[in-house]
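Engineer: take this sequence and fold it.
(chains A, B, C and D)
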There are 2 protein chains.
Amino acid sequence: MTRVTIQQVAAAAGVSPSTVSNLLNGRTNRMVPATKERIERAIAELGYRPNRAARQLRTGRTQTVGLIVPSVGNPFWGAFARELEVAALAVGCNVLLCNSERDPDRERRYVEELWEDGVRGIVLCSSLPTLDHLADIVRRGLRLVTFDRPAQAGDPEEVVSVSINNHVGGFLATSHLTELGHERLTFVSGSLAAVNRTGRFRGFCTALEGADLDPAAMPTWTAGGGAPFGDVEAAQVGRQAAHDLFSGTVEPPTGIVAINDMTALGFCRGLRDQGLHVGKDVSVVGFDDIILAELYDPPLTSVRQPISRMASLSLEEALKEDDREPGRSVLLRPELVVRDSTASPTGATAPVVADEDGVLQ
Amino acid sequence: MTRVTIQQVAAAAGVSPSTVSNLLNGRTNRMVPATKERIERAIAELGYRPNRAARQLRTGRTQTVGLIVPSVGNPFWGAFARELEVAALAVGCNVLLCNSERDPDRERRYVEELWEDGVRGIVLCSSLPTLDHLADIVRRGLRLVTFDRPAQAGDPEEVVSVSINNHVGGFLATSHLTELGHERLTFVSGSLAAVNRTGRFRGFCTALEGADLDPAAMPTWTAGGGAPFGDVEAAQVGRQAAHDLFSGTVEPPTGIVAINDMTALGFCRGLRDQGLHVGKDVSVVGFDDIILAELYDPPLTSVRQPISRMASLSLEEALKEDDREPGRSVLLRPELVVRDSTASPTGATAPVVADEDGVLQ
DNA sequence: CTAGTTTAGTGCATCGTTACACCGGCATCG
DNA sequence: CGATGCCGGTGTAACGATGCACTAAACTAG
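Structural biologist: Predicted structure coming up:
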């Protein structure tokens, strides 16, 4: 019923609480092996588990990292959260998950709260253009890792970032379409007020230029600057875009690059609303390669993020204590996974060489 | 830089720390209004926030509830986690999220850890047949709410449950198919070693009997008893089922009831692998009505769980302190949402009356 | 006017762990 | 032989909030 304390362990092992504490904190060089074993036996026999609250009160630290995502309702973030938890578990950490819904206020409140709760670090999945709202907390020592938001000029230099190269991602997606022969493309996104998104968009433009197409001539569809960035909303945005683009008087595009898979899936749904066929009438490329991309009909061509690797890297950085390497920015390379939602504009099947998994080499 | 403590507030307000503590804990009847105001002003001016660790060490309580889900990678759980967080936020609580991956060991470890960390209650999304592995912790006072797992005989009586009526859900899904004229149905699931799953299956059988069909004559497809219950796995299970059922020599079913939407979507994918069309060649009903059900092609008929309502109820129960009503089991009624993945076996469109939203009245 | 009661607020021990300062004893050194 | 250094380990004062037991002052009743 009542918890086992360090004193009871000490008594059982015939040493002082200090010595037990020393063992617990890895200062084993301060004791003879026999003592160490006695203590370890006592711990095992009594089933002792250190009291986190007491420990934290004393040291001001936790074994917890905070994770702030836009919304776990979005399968991409759900999958990432899961990966981060796996990584954390492996090093004896906990993950405290928060949904910001991409609201800067809520984001700040969560960061403050986590900081006051003494988390070791925070992995922030946000792509707000500035980190000004968090600058003071970072200066006060918070270990902040931004995920999918490469470091920007003006960021506090202590901030580390882990991200894919969004420019390359946007480029891969787009040049896949131009290589298939598409010449009228549209970039579909909710608000572009996020640095990962502008990166993807720049990749889109670069690829167009490489194919001798004029980015300025391509309509870009973005939702109003409004807030919605969740799971439902992302799909809604895509669906709305399809309605807008294919019901007007202007000539619609033959290829679409969507900001993420949920938007892409929503877009596909919108196309169907109008009797159009994805992969035949219109080619669609998504981004993130969530599990559902492969299950969809047609299976969705998408830019894959190596979330498992990114999760371990993020965690590592969030836990790093001493050898700070300020402003470090890790950029991983995304992969294009070609499936059936893309084809040449004539309607022929994509003549693309890919391995069994659909990964373009 | 350094935190504001209760002593500083007390000094600023010209009272003792005890009085500030009294205010903080709602014992305002013990002080004159003027004092109360002075303290409140001091708190605001200094930006004081109570130290959680200290508070917890002293009281043994937290403002945190634990949430254990099989895997947030599954959009259903992601959506539920988000709803629970919303509910918690509204009453000033935090949610600590854990993925059990449906591993009883991991589940138990998490429960223990959360309990030792002093959470106020735990919402456990698990449907293991017994709670034996948690019985002792519950007896020691843990406030446990099981989600989507109605109370079973043999459960510790302190446990409360919040769930839909799975029997009704299975019944709704199945009778929808029989009413369409289907006579060869298959229930597709990963392991059935979970009470919510057996409930759905019983509903399946009841509906068959109601339609004068023999449940025993219907093949049930279940994956081996193995562990996998995650997001990837659920879809994989469905896909495998489709391969098995439609490649053998036995006459395949015309209608499928899947244990959840991920499995249903995987199943649809598997049908396509073999050139079959969902909603034409085979009707498929899912369960949960995740956001992707509507986006899918064809949009998936599914049994909707009222997750928002369930989340608030779960939270409420998890926080309830005193008036324990042991063994309470809340069962909500699920809704069938009819979309295009189901039709009569001839291939005609479903002649079902539904409102604009697809909700069957 | 005194004894008793209520009001408004305080003192202090305490939760379990940590880490710095310290200490006795033994070995080594010049 | 006395001084020095190291080894293995201990004593103790916090960390910040809580809440019981207590009290001084004001008020009430008889």
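Engineer: from now on I want contacts and neighbour counts done on CA atoms only, so please keep to that.
Structural biologist: OK.
Engineer: show me the helices in the stretch 101-250 of chain A, by range?
Structural biologist: For the stretch 101-250 of chain A, the helices defined by DSSP state H, counting those that start in this stretch occupy A:104-116, A:135-139, A:166-179, A:195-210, A:231-245.
Engineer: what packs against the last one?
Structural biologist: Okay, so that is helix A:231-245. strand A:185-189, helix A:261-273, helix B:291-295 (3 or more CA pairs under 8 Å, 6 or more residues apart in numbering or on different chains; DSSP states H and E).
Engineer: about what we covered before: hey, which of the helices of the stretch 101-250 of chain A is tucked in deepest?
Structural biologist: helix A:166-179 (a mean of 25; mean count of other CA atoms under 10 Å in any protein chain shown).
Engineer: helix A:195-210 and that one, what's the angle between them?
Structural biologist: On the basis of axes from the mean of the first three to the mean of the last three CA atoms, to 10 degrees, helix A:166-179 is oriented at 40 degrees to helix A:195-210.
Engineer: same for helix A:166-179, what does it pack against?
Structural biologist: Partner elements for helix A:166-179 (3+ CA pairs under 8 Å, 6+ apart): helix A:195-210, strand A:255-258, strand A:283-288, strand A:301-304, strand A:335-337.
Engineer: from the chain's centroid, how far away is it?
Structural biologist: 20 Å (CA atoms, centre = their mean, to the nearest Å).
Engineer: contacts for that helix?
Structural biologist: The contact list for helix A:166-179 (CA atoms under 8 Å, 6 or more residues apart in numbering or on different chains) reads A:196-197, A:199-208, A:211, A:255, A:257, A:283, A:285-286, A:302-303, A:333-336, A:342-344.
Engineer: leaving out sequence neighbours, find the closest residue to residue A:313.
Structural biologist: residue A:162 (7.2 Å; CA to CA, 6 or more residues apart in numbering or on different chains).
Engineer: repeat that for residue A:311.
Structural biologist: Per CA to CA, 6+ apart, closest to residue A:311 is residue A:84, 4.9 Å.
Engineer: next, the buried residues of the host helix or strand of that neighbour.
Structural biologist: When elements are defined using DSSP states H and E, residue A:84 is found to belong to helix A:75-90. For helix A:75-90, the neighbour count (16 or more other CA atoms under 10 Å in any protein chain shown) marks A:75-88 as buried.
Engineer: tell me how far whatever residue of chain A ends up closest to DNA strand D lies from chain B.
Structural biologist: Closest residue of chain A to DNA strand D, CA to the nearest atom of the strand: residue A:31 (2.8 Å). Computed as CA to the nearest CA, to the nearest Å, the residue A:31 to chain B distance reads 29 Å.
Engineer: that residue and DNA strand C, how far apart?
Structural biologist: 11 Å (CA to the nearest atom of the strand, to the nearest Å).
Engineer: same deal with residue A:159?
Structural biologist: 25 Å.
Engineer: before we move on, what about residue A:16?
Structural biologist: 8 Å.
Engineer: now do that residue: how many residues are near it, please.
Structural biologist: 15 (other CA atoms under 10 Å in any protein chain shown).
Engineer: contact partners for it?
Structural biologist: A:7, A:10.
Engineer: nearest residue to residue A:53 other than its sequence neighbours?
Structural biologist: Distance criterion CA to CA, 6+ apart; nearest residue to residue A:53, sequence neighbours excluded, is residue B:53 at 4.8 Å.
Engineer: which parts of the helix or strand containing that neighbour are buried?
Structural biologist: Residue B:53 belongs to helix B:52-59 when assigned by DSSP H and E. For helix B:52-59, the neighbour count (16+ other CA under 10 Å) marks B:52-54, B:56-57 as buried.
Engineer: same check, this time on stretch A:122-142
Structural biologist: Per 16+ other CA under 10 Å, stretch A:122-142 contains these buried residues: A:122-131, A:134-135, A:137-138, A:142.
Engineer: identify the farthest-apart pair in the residues you listed.
Structural biologist: Maximum pairwise distance in the buried residues of stretch A:122-142, criterion CA to CA, is 19.3 Å, between A:129 and A:142.
Engineer: hang on, residue A:300 packs against residue A:343?
Structural biologist: No - look at residue A:300 against residue A:343 with CA atoms under 8 Å: they stay out of range, at 11.3 Å.
Engineer: please compute how far stretch A:125-138 lies from its chain's middle.
Structural biologist: The answer for stretch A:125-138 is 16 Å, by CA atoms, centre = their mean.
Engineer: near chain B at all, it?
Structural biologist: No - Stretch A:125-138 does not reach chain B (CA under 8 Å from any CA of the partner chain); its nearest approach is 9.3 Å.
Engineer: contacts for that stretch next, please.
Structural biologist: By CA under 8 Å, 6+ apart, stretch A:125-138 touches A:67-70, A:102, A:104, A:108, A:111-112, A:115, A:144, A:146-149, A:152, A:154-156, A:158-159, A:193-196.
Engineer: I'd like the helices and strands packed on helix A:166-179 as a markdown table, with distance to DNA strand D appended.
Structural biologist: A markdown table is the format used below for the helices and strands packed on helix A:166-179 (distance: least, CA to the nearest atom of the strand, whole Å):
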| stretch | distance to DNA strand D |
| --- | --- |
| helix A:195-210 | 37 |
| strand A:255-258 | 48 |
| strand A:283-288 | 43 |
| strand A:301-304 | 45 |
| strand A:335-337 | 48 |
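Engineer: what residues does the stretch 101-250 of chain A put near chain B?
Structural biologist: A:116-117, A:140, A:231-232, A:235.
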